[in-house]
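Peer 1: Output the structure for:
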Amino acid sequence: MDTRVWCEFTSPKEVCRDYILELFKKYNVTLNYKLEYGHDSEDFFSMVEKYNEHKIPISIWATLSDEMGYWINEKNAHHFEEYSKELIDKFEERELKIKGLCIDLESPLSDIQNIVNPKRKIDSIATCAKFLTHNLNKKRFYTAKETLKNTVGDLRQRGYEAYATCIRYCYYDLKFNTEIMQNALEVPVFDIDWDKYNLMYYATMIRNELKKLKRVNVDYLIYHQVMHLKEKLKDKLAISVGVTNVGKLGNEPYYESMEEFEKDIGILKECGVEDFSLFSLDGILEEKKLEAFLTKMNTAKPCKPELCSRVIRNEVLAEMLLKLFNGYYKIIR
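Peer 2: I've put the predicted structure just below:
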């Protein structure tokens with residue numbers, strides 16, 4: 001089993017605490033550490049050096065500035081391509097080893113904020129409409145795709161892993177052989193040869209998102225979708241689980257029960273998932289809590305949720321909508 005832990009806010013010095021290093025070594029954890037554009041420092045490079053000394057693998061979750069969209073998407077793919085080269089150069093100049101880069105493919109920060117934390121009610125409606133109109137530009141999408149392919153090629157040529165992560169809605173493109181969701185979200189994913197395709201199945205957030213749909217069994221929804229992803233992506237599939245702490249948006253619901261977390265890991269193991277990444281270290285910095293989560297990731301037993309017909313029905317409806325929309329998609333440029 002491959003285990004990773006994301007870290008978004010904790011300082012370089014804090015992630016070098018002795019017990020964190022000991023637990024990561026004990027459970028064979030790779031740290032996915034966020035480095036925002038322009039925020040590298042001597043403390044940061046000293047942290048990487050310390051992880052090298054302890055032979056603990058570390059990947060760099062490279063983000064851009066808020067103004068540039070933060071996460072990677074078609075609007076800033078060219079900036080990220082240059083940023084990734086600069087970063088690798090800096091590590092090689094210092095003779096520091098990293099496993100590779102984590103490429104977090106999500107819509108621009110401003111768009112997500114308009115949906116999740118709108119200043120006005122109309123902001124979320126306008127942004128959703130933008131996804132289905134302005135965003136659907138094949139030329140921009142394909143240009144960004146080629147740019148990201150170049151980024152992967154450069155990383156691979158230099159001996160580094162390209163670990164891509166994206167939100168779970170991209171599943172529908174893989175399931176129904178389209179690119180509509182990716183284009184609407186401005187995130188080319190599946191037509192690029194990433195080393196890993198890491199999809200975000202944050203059960204705490206999905207349950208909150210679908211809480212009004214009381215007859216939808218979220219456990220079975222995750223099982224059903226991840227089973228298909230595993231069939232298609234095989235050993236290139238990775239799943240992000242969580243969350244244990246708020247993220248960039250500041251309002252993400254997180255685990256309140258270890259039993260719930262253990263069950264979620266068990267569902268993924270039932271699907272044959274062997275590559276897990278936990279979001280995030282920031283919420284489990286206390287030693288006993290960190291070890292508890294890492295232990296559950298290792299000891300959780302596979303468990304299959306009960307079939308939910310509503311999940312199957314909703315997917316049939318999603319397929320119908322995508323097929324209907326595909327007629328419009330074919331005629332746009």
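Peer 1: per-residue confidence at Asn251?
Peer 2: Asn251 is assigned a pLDDT of 89 by the prediction.
Peer 1: That one touches Val116, doesn't it?
Peer 2: Yes. Asn251 lies in contact with Val116 (C-beta atoms under 8 Å); the separation is 6.9 Å. Yep, even glycine has a C-beta here, placed from its N, CA and C like the rest.
Peer 1: who's more crowded, the two?
Peer 2: Val116 (14 against 10; other C-beta atoms under 10 Å).
Peer 1: was I right about that one contacting Leu249?
Peer 2: Yes. Applying C-beta under 8 Å, one finds Val116 in contact with Leu249, separated by 5.3 Å.
Peer 1: residue contacts, the closest residue to Arg215 other than its chain neighbours?
Peer 2: Spatial nearest neighbour of Arg215, excluding adjacent residues (C-beta to C-beta, 6 or more residues apart in numbering): Arg310 at 4.9 Å. Shown in contact with Arg310 (C-beta atoms under 8 Å, 6 or more residues apart in numbering): Leu213, Arg215, Val216, Asn217.
Peer 1: which one among these gets closest to Leu174?
Peer 2: Val216 (20.6 Å; C-beta to C-beta).
Peer 1: check contacts around that closest one.
Peer 2: Leu210, Cys308, Arg310, Val311, Asn314.
Peer 1: top of those by neighbour count?
Peer 2: Result: Val311 is most packed of the contacts of Val216 (other C-beta under 10 Å), 21 neighbours.
Peer 1: quick revisit: now do the helix or strand harbouring the residue nearest to Arg215: distance to the chain's middle.
Peer 2: Assigned by DSSP states H and E, Arg310 falls within helix 309-331. Chain-centre distance of helix 309-331: 24 Å, with C-alpha atoms, centre = their mean, to the nearest Å.
Peer 1: in it, what's buried?
Peer 2: Val311, Asn314, Glu315, Ala318, Leu322, Tyr329 (16 or more other C-beta atoms under 10 Å).
Peer 1: Next SSE downstream of the lowest-mean-pLDDT helix or strand in the chain?
Peer 2: Of all helical and strand segments in the chain, the minimum by mean pLDDT, DSSP states H and E falls on helix 121-132, at a mean of 90. With elements assigned by DSSP H and E, the helix or strand that comes after helix 121-132 is helix 138-157.
Peer 1: other SSEs contacting the helix or strand just after that following helix?
Peer 2: Next in sequence after helix 138-157, counting helices and strands by DSSP H and E, comes strand 161-167. Here strand 161-167 touches strand 100-105, helix 138-157, strand 196-200, strand 237-242, going by 3 or more C-beta pairs under 8 Å, 6 or more residues apart in numbering; DSSP states H and E.
Peer 1: Verify the stated contact: Leu31 with Lys25.
Peer 2: No. With contact defined as C-beta under 8 Å, Leu31 does not count as touching Lys25 (11.2 Å).
Peer 1: Can you list the residue ranges for helices in the protein?
Peer 2: Here the chain has its helices, by DSSP state H, at 18-26, 42-53, 77-93, 109-116, 121-132, 138-157, 171-176, 180-185, 203-209, 218-233, 258-270, 287-299, 309-331.
Peer 1: Tabulate the ones you listed (a markdown table), appending distance to Trp194.
Peer 2: Shown next, in a markdown table, are the helices of the chain (distance: least, C-beta to C-beta, whole Å):
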| stretch | distance to Trp194 |
| --- | --- |
| helix 18-26 | 24 |
| helix 42-53 | 23 |
| helix 77-93 | 13 |
| helix 109-116 | 22 |
| helix 121-132 | 23 |
| helix 138-157 | 6 |
| helix 171-176 | 13 |
| helix 180-185 | 13 |
| helix 203-209 | 23 |
| helix 218-233 | 10 |
| helix 258-270 | 19 |
| helix 287-299 | 23 |
| helix 309-331 | 23 |
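Peer 1: Of these, flag the one that's most buried.
Peer 2: Highest mean neighbour count among the helices of the chain (mean count of other C-beta atoms under 10 Å): helix 180-185, with a mean of 22.
Peer 1: Please save the CA atoms from that helix in PDB.
Peer 2: What follows is helix 180-185, C-alpha atoms only, in PDB (Å, rounded to 0.1, in the frame of the first residue of the first chain):
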ATOM      1  CA  ILE A 180     -17.200  17.900 -21.300                       C
ATOM      2  CA  MET A 181     -16.700  17.900 -17.500                       C
ATOM      3  CA  GLN A 182     -13.000  18.500 -17.900                       C
ATOM      4  CA  ASN A 183     -13.500  21.300 -20.400                       C
ATOM      5  CA  ALA A 184     -16.200  23.000 -18.300                       C
ATOM      6  CA  LEU A 185     -13.900  22.800 -15.300                       C
END
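Peer 1: Kindly format the C-alpha coordinates of stretch 263-283 as CSV.
Peer 2: The C-alpha trace of stretch 263-283 is given here as CSV (Å, rounded to 0.1, in the frame of the first residue of the first chain):
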residue,chain,number,x,y,z
LYS,A,263,-15.2,2.6,7.1
ASP,A,264,-14.3,4.9,4.2
ILE,A,265,-10.9,3.3,3.9
GLY,A,266,-12.5,-0.1,4.0
ILE,A,267,-14.8,0.8,1.1
LEU,A,268,-11.8,1.9,-1.0
LYS,A,269,-9.9,-1.3,-0.1
GLU,A,270,-12.9,-3.3,-1.3
CYS,A,271,-12.5,-1.5,-4.6
GLY,A,272,-8.9,-2.7,-4.8
VAL,A,273,-7.4,0.8,-4.2
GLU,A,274,-3.8,0.5,-3.1
ASP,A,275,-2.6,4.1,-3.3
PHE,A,276,-4.1,6.5,-0.7
SER,A,277,-3.5,10.1,0.1
LEU,A,278,-4.9,11.7,3.3
PHE,A,279,-5.9,15.3,3.4
SER,A,280,-4.4,16.7,5.6
LEU,A,281,-1.5,16.8,8.1
ASP,A,282,-2.7,20.2,9.2
GLY,A,283,-5.6,18.7,11.1
